[in-house]
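Colleague: Below are the sequence and a predicted model for it; my questions follow.
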Amino acid sequence: MAKKFNDLIWIAIDIGTTKICVIVSRGLTPEQAEVLGVGQAPSDGLRRGVVVDIAKTVQSIRAAIAEAQLMSGISIESAVIGISGAHIHSRNSVGAVPILRGEVRPTDITNVINAAQAVSVAQGQQILHVLPQFYTVDDEYNIADPLGMSGVRLEVQVHIISGSVASVQNLIKCCQMAGVTVTDIVLEPLGSAAAVLSQDEKELGVGILDIGGGTSDFAIYRQGTIRHTKIIPIAGQLLTSDLAIGLSATLKDAERVKREYGIVHLSALHDDLSIDVEMVHGGQSRDIYALDIIRILQPRAQEIIEFVAQEIDRYQLRSNMRAGLVLTGGSALLQGLPMLAKELLNIPVRVGMPKASSDLPEVLKHPRYATSYGLILYEIQKRKDLNILKDGQGPLAKQLFTRMKSWVADFF
């Protein structure tokens, strides 16, 4: 007998470059979850989303799991994990098949998706996601779900995301060594979007930029589906490093200064405060000023936004961003960043917080946890789609779910 939503426990592990975050939740409705426990630990074994030290990564995962178990009172044995990193690649692909019996059936949809994903990938890469964007039945274009429609030819455009086999295997291995079975792997921008984007924004066309510790994840949605993804290898750790070098400060104090006083645009400067900073040599300290912080951080923040601008221009994506750009991730709260992005991109820009009920723990009400909480919401939405499937409203969710469930086995 299938469990009801309020009986299901959802567990997600966000394995980031700067932190490991574990969230334990219980489903309340097909759109909402109650967070039962949160655990986090510094991430010492990853660089730009890729495992570089298995022992340290396992230790960090275990520490975050122990904290989440203590808070929730639930033993964590399996979880969905997020994945990002410079090894992630994406592309759009088109497939077409004849409609065998004059009316689109589940087998036709399966066949056309298989045709679209029959593309070559680089050596050492494997397909992670095959996400349908829209269908065409004969001359009827831009169809969300073609099931039951009459015609002779079915086409689909899909967004294909691939990743390094070795990188995924290492993430799964770290979780297994920490005592957790990986049940699903989700590209982190999909989780971030689930947490901070509204359905209206996804329909009209919106970009999301998640500036994490090791990478900045850029994605575009339009008409409710993902249209473009790009992993940018410039993010918060480089901002911290720039501060440490520019101020001759310790990395720990540079991170503190970035979080408490980080400014990247003159419009956000109200008072040129004097800030005490611990020097890297001899444990001494000195005073620096907000203008010094702007001088150091603005070029790097501008580099990230200009990378996005180049991506938009290269693939002619501006028409897909009518609702603008949403910034999230740990560095999204840098003072003046929305203004800087608005000036460089000439589109509306806002900061995205995880959207949830009022009982969301205070620690999660921050762009830094958009991906962590979004992984839970993404999985809940997938289960909702499966329930719709059981009501006879379409085979698409089941096909995608089955494909996703097979990733972990495929990588081994």
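Modeller: Good, I have the coordinates. Computed from a predicted model, the values in this text were never measured in an experiment. Numbering: from 1, shown residues only.

Colleague: Alpha carbons of stretch 375-382, as CSV, please.
Modeller: Listed next in CSV are the C-alpha coordinates belonging to stretch 375-382 (Å, rounded to 0.1, in the frame of the first residue of the first chain):
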residue,chain,number,x,y,z
LEU,A,375,16.3,19.4,-3.3
ILE,A,376,13.5,18.4,-1.0
LEU,A,377,10.9,20.4,-2.9
TYR,A,378,12.2,18.9,-6.2
GLU,A,379,11.7,15.4,-4.9
ILE,A,380,8.2,16.3,-3.6
GLN,A,381,7.2,17.6,-6.9
LYS,A,382,8.4,14.5,-8.6
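
Colleague: which parts of that stretch are buried?
Modeller: 375, 376, 377, 378, 379, 380, 382 (16 or more other CB atoms under 10 Å). The way it works is simple: take the backbone N, C-alpha and C, and place the C-beta from them, glycine included.

Colleague: now do stretch 179-191
Modeller: Result for stretch 179-191 [16+ other CB under 10 Å]: buried residues 180, 182, 184, 185, 186, 187, 188, 189, 190, 191.

Colleague: Output those residues as TSV; include the columns secondary structure.
Modeller: Formatted as TSV, the buried residues of stretch 179-191 follow (DSSP: H, G, I helix; E, B strand; the rest coil):
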residue	secondary structure
180	coil
182	strand
184	strand
185	strand
186	strand
187	strand
188	helix
189	helix
190	helix
191	helix
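
Colleague: Pull the most distant pair out of those.
Modeller: 180 and 189 (22.7 Å; CB to CB).

Colleague: And residue 369, how close does it get to residue 333?
Modeller: Remark: distance between residue 369 and residue 333 (CB to CB, to the nearest Å) = 12 Å.

Colleague: So residue 193 belongs to a helix, correct?
Modeller: Yes - under three-state DSSP, residue 193 sits within a helix.

Colleague: And it, how far from residue 16?
Modeller: Distance from residue 193 to residue 16, counting by CB to CB: 17 Å.

Colleague: higher neighbour count, the two?
Modeller: residue 193 (30 against 27; other CB atoms under 10 Å).

Colleague: give the contact list for the residue nearest to that one when sequence neighbours are not counted.
Modeller: Once flanking residues are discounted, residue 193 sits nearest to residue 208: 5.3 Å by CB to CB, 6 or more residues apart in numbering. Contact partners of residue 208, counting by CB atoms under 8 Å, 6 or more residues apart in numbering, are 189, 192-193, 196-197, 217-221, 325-326, 328, 352.

Colleague: Let me know the closest of the buried residues of stretch 375-382 to residue 68.
Modeller: residue 376 (12.2 Å).

Colleague: Now do the residue lying closest to residue 14 once chain neighbours are set aside against residue 334, distance only.
Modeller: Spatial nearest neighbour of residue 14, excluding adjacent residues (CB to CB, 6+ apart): residue 372 at 4.0 Å. Distance of residue 372 to residue 334, given as CB to CB: 20 Å.

Colleague: Residue 20 now?
Modeller: The gap separating residue 20 from residue 334 is 23 Å, by CB to CB.

Colleague: which element is residue 37 on?
Modeller: Using DSSP states H and E, residue 37 sits in strand 32-42.

Colleague: model confidence over that strand, on average?
Modeller: The pLDDT scores in strand 32-42 average 90.

Colleague: other SSEs contacting it?
Modeller: In terms of contacts (3 or more CB pairs under 8 Å, 6 or more residues apart in numbering; DSSP states H and E), strand 32-42 is packed against strand 19-29, helix 54-72, helix 370-390.

Colleague: Switch those over to a markdown table; also include mean pLDDT and distance to residue 247.
Modeller: Output for the helices and strands packed on strand 32-42, formatted as a markdown table (pLDDT from 0 to 100; distance: least, CB to CB, whole Å):
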| stretch | mean pLDDT | distance to residue 247 |
| --- | --- | --- |
| strand 19-29 | 87 | 23 |
| helix 54-72 | 97 | 27 |
| helix 370-390 | 76 | 29 |
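
Colleague: do you know which of these lies nearest residue 95?
Modeller: Closest approach to residue 95 among these is made by helix 370-390 (21.1 Å; CB to CB).

Colleague: neighbours of residue 55, just the number please.
Modeller: By other CB under 10 Å, the residues close to residue 55 number 11.

Colleague: list the contacts for it?
Modeller: By CB under 8 Å, 6+ apart, the neighbours of residue 55 are residue 45.

Colleague: Quick check: bridge partners of the closest residue to residue 141 other than its chain neighbours?
Modeller: Nearest residue to residue 141 in three dimensions, chain neighbours excluded: residue 134, at 7.6 Å (CB to CB, 6+ apart). Beta bridges link residue 134 to residue 157 when assigned by DSSP bridges.

Colleague: and residue 134, how many neighbours?
Modeller: Around residue 134 there are 19 other residues, counting by other CB under 10 Å.

Colleague: do the same with residue 207
Modeller: 30.

Colleague: which SSE is it in?
Modeller: Using DSSP H and E, residue 207 sits within strand 206-211.

Colleague: So residue 203 versus residue 210, what's the distance?
Modeller: 20 Å.

Colleague: ok, the two, which is more surrounded?
Modeller: Using other CB under 10 Å as the criterion, residue 203 and residue 210 rank with residue 210 on top: 33 against 15.
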